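Trainee: mind looking at a prediction? Sequence and model below.
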Amino acid sequence: MDKSASPYRRKAGLLILVVLTGYAVMNLLWQGFQSYPNLPATDPVTIHEARIAQLRTLLPASGAVGYVTTVENDRIFAAEKTFTNVEFLAQYVLTQYTLAPRIVRNSPDLPLVVGNFIDGPPAPGFLEKNGLVPLKDFGDGLILYRREGKP
Amino acid sequence: MILFLIASLLISLTSGILLTFLFCPSLKNGAAGPAFRLFAGSGLGLGVTSCLYFVCLLTGLTQHLSAMDLGVCLLLGISCFIFFRRPAARGGQPLPETGKRSRFPILLAGIFSVELVASLGSFVFAFLKEPHGRWDAWLIWNMHARFLFRGGEHWRDAFASGLDWSHWDYPLLLPLSIARSWKYMGGESLSIPAVMAFVFTFMTLGLLWCALSLLRSRIQGCLAAMILLGTPFFIVMGASQFADIPLAFFILATLVLISLQARSPENQPGALILAGLAAGLCAWTKNEGLLFLLIVTGSLFCTAVYAGGWRSALNRAAGFLAGALPILLMVIYFKTQLSPANDLMAGFGPAAVAAKLTDFGRYAEIAKAFFITGISFTQGLIDIRVGMHLNPGAVNILLLIGYLFLAGVRIDGRDRIGLLQSAAALGLMLIGYFFVYVLTPLNLSYHLATSLNRLFLQLWPSVIFLCFMIAGSPEPVQSPGDRPGTAPAQPETRSTKENKPKKTRGPK
């Protein structure tokens, strides 16, 4: 099958292709170049990882730990699904990402529980309701709890 | 540590290149032939060595990983040596050699080089912004790599951890490739996932360039690569460390190898086996790869029945499946013995299926999303809080259509069946994706907004490849092939009927 185009059409096609791809490539580079000076010295994931990594010394090398944060556990995923807040899920996932191969369960019902309150404290009475007693406060909203059974 | 990283990559690369020598012994077209071996071979090698690492994990032989890798590499090397000592192996008819260059390709190569350097810069900026990659990288792929590497003898525990949100049913090619490099280095390094992302991104680009340089002309190769470079989403997703770009690489490799076997009869059985291997590695990279493997096998078989009858179709399907089978067996083992159920299979009863299949509102919503995303996906991730909107940017599917309209269509008779197979595979993939959305148990808008653009990107390099396989040459036609300055070493264009697969030399 050969439906050859006239030389002018071929040249026009070539010119459009070269100009548009060149523009797209340079535009992306320019965007990267422009955003570079505004980048933080350390990216958010590395900052979060360094913060959570402090827990490692007090946790067993394997097994599961619990997790609590500013909102109730069942709202972590619900907020992301409705596009209202992805931060709580990101914080939970990054906690798991840092502490692997330990399993971080999205629940306060485990003997050791990680409290990640970078966005503020939980609702009053939440910790007491779940029998969570602080083991160590690392500062910056990171607390390791021991669970003592519900009152 | 760097030396061990280089060693791990070199072993993968060498294994893959040796595979291409073994199964495609005859590839000569200036720099394009060796480049094809380098780009296609590197990806296949990374896939094969990830499989080897999985076998080592299953058998508890991870401490002997490097010895096993070297053993396989040596075995492939010896096989190549024995094979190339046969006079028949050396006497194959090569692909046409490219003749002397005119000024135009050199100018185009210069523009391409500038775009390549600029894209490398964009990739580096994206990496510096997010060295851990974007959301799915640390939620899925790099997280899985950490579990596999840090878990030691208890690496299986993660699959039964109940952490469904991390999608433990996703195949392991990328996490295993990362963990394997860490194993060689003796520790974790943040740079390894980024190195893998870089390698797959630029191997996809290189494969597209050299495949078209081999099968059409250097100019077509350059233009196609420029379109891919001009796709901001491709570079952004590459730097994001997701598995979509590795999958795009293996889909492209499958279709390129299918086209290659039609062009060089002496490579026929080998190229088909390698195409099967690449399709198998699709299934080992992402769940969408399983759909691709199924579809490409079906399209290969059906078009072969149409073109050459049942016997020829069975022969071709057998060659293809012979390459895919070892990987497919591993995927089946992984899916049945290790991975939890897929979230899309949840609540998959006949009543729920029937209700969704008869809900025509879903079809309309998906069709609208396909249209908007089809034109806009090249521009990057969408803000899910804003939702989908038309954002065509400079490079998109309309540019390909416009270019085809201006440059005209010129199809080599030898390529017809391969093109038909590839087009059928890509079309059926789109239909398959459509019905995955029709049946999804997830919120439809959420599912479309968070995944459709990535699904389109997986097929994008192959769509560009297909487009430039049929596009007329931008230079005046001078020879039976559309290759200016090319010595027409191949026989004249054959008809479809003459293009039936024949019994040829090659590895048995």
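Mentor: The structure has been received and is ready for your questions.

Trainee: make it CA atoms for all contacts and neighbour counts henceforth
Mentor: Will do.

Trainee: is chain A within reach of the strand or helix carrying B:F39?
Mentor: B:F39 belongs to helix B:32-59 when elements are defined using DSSP states H and E. No. Against chain A, helix B:32-59 shows no contacts by C-alpha under 8 Å from any C-alpha of the partner chain, the least distance being 15.8 Å.

Trainee: next SSE downstream of that helix?
Mentor: If you walk from helix B:32-59 toward the C-terminus, the next helix or strand you reach (DSSP H and E) is helix B:65-85.

Trainee: for that next one, the distance to its chain's centre please.
Mentor: In this view, helix B:65-85 has its centroid 24 Å away from the chain centroid, taken as C-alpha atoms, centre = their mean, to the nearest Å.

Trainee: with stretch B:409-416 instead?
Mentor: Here the centre of stretch B:409-416 is set off from its chain's centre by 22 Å, with C-alpha atoms, centre = their mean.

Trainee: and that stretch, end to end?
Mentor: Across stretch B:409-416, the straight-line distance between its terminal residues is 13 Å, by C-alpha to C-alpha, to the nearest Å.

Trainee: and that stretch with chain A, contact?
Mentor: Yes. Part of stretch B:409-416 sits near chain A under the criterion C-alpha under 8 Å from any C-alpha, namely B:409-413.

Trainee: can you tell if stretch A:96-107 touches chain B?
Mentor: Yes. Remark: stretch A:96-107 sits within contact range of chain B at A:97, A:100-101, A:103, A:105, by C-alpha under 8 Å from any C-alpha.

Trainee: out of these, list just those in helices.
Mentor: Among the residues of stretch A:96-107 next to chain B, the residues falling in helices (DSSP state H) are A:Y97.

Trainee: list of residues touching stretch A:23-34?
Mentor: Outside of stretch A:23-34, the residues that reach it under the criterion C-alpha atoms under 8 Å, 6 or more residues apart in numbering or on different chains are B:115, B:118-119, B:121-122, B:125-126, B:229-232, B:393-395.

Trainee: for the residues of stretch B:409-416 next to chain A, pick the one with the most neighbours.
Mentor: Ranked by neighbour count under the definition other C-alpha atoms under 10 Å in any protein chain shown, these are headed by B:D412 with 23 neighbours.

Trainee: helices or strands up against the longest helix seen in chain B?
Mentor: With DSSP H setting the assignment, residue counts place helix B:287-333 as the longest helix in chain B. For helix B:287-333, the elements it packs on are helix B:268-283, helix B:416-439, judged by 3 or more C-alpha pairs under 8 Å, 6 or more residues apart in numbering or on different chains; DSSP states H and E.

Trainee: how far off centre is the longest helix seen in chain A?
Mentor: Looking only at chain A and at elements set by DSSP H, the helix with the highest residue count is helix A:7-35. Distance of helix A:7-35 from the chain centroid (C-alpha atoms, centre = their mean) equals 35 Å.

Trainee: buried residues in that helix?
Mentor: Under the neighbour-count criterion of 16 or more other C-alpha atoms under 10 Å in any protein chain shown, helix A:7-35 has A:9-14, A:17-18, A:20-29, A:32 buried.

Trainee: stretch B:362-374 too?
Mentor: By neighbour count, with 16+ other C-alpha under 10 Å as the criterion, the buried positions of stretch B:362-374 are B:362-363, B:366, B:369-370, B:372-374.

Trainee: which residues in chain B form strands?
Mentor: Residue ranges of the strands in chain B, as given by DSSP state E, are B:408-410.

Trainee: report the helix or strand with the lowest average pLDDT across it.
Mentor: Per-element confidence for chain B was summarised using mean pLDDT, DSSP states H and E. The lowest value among helices and strands belongs to helix B:87-90, with a mean of 58.

Trainee: re earlier: intersect the contacts of stretch A:23-34 with the contacts of chain A.
Mentor: Applying C-alpha under 8 Å from any C-alpha to the contacts of stretch A:23-34, one finds that B:115, B:118-119, B:121-122, B:125-126, B:229-232, B:393-395 fall near chain A.

Trainee: so which of these are in helices?
Mentor: Judged by DSSP H, helices contain the following of these: B:115, B:118-119, B:121-122, B:125-126, B:229, B:232.

Trainee: for the residues you listed, which single residue is the most surrounded?
Mentor: B:P232 (27 neighbours).

Trainee: what about the residue nearest to that residue when sequence neighbours are not counted, how many residues nearby?
Mentor: Nearest residue to B:P232, sequence neighbours excluded (C-alpha to C-alpha, 6 or more residues apart in numbering or on different chains): B:Q379, at 5.5 Å. Taking other C-alpha under 10 Å as the neighbour definition, B:Q379 ends up with a count of 23.
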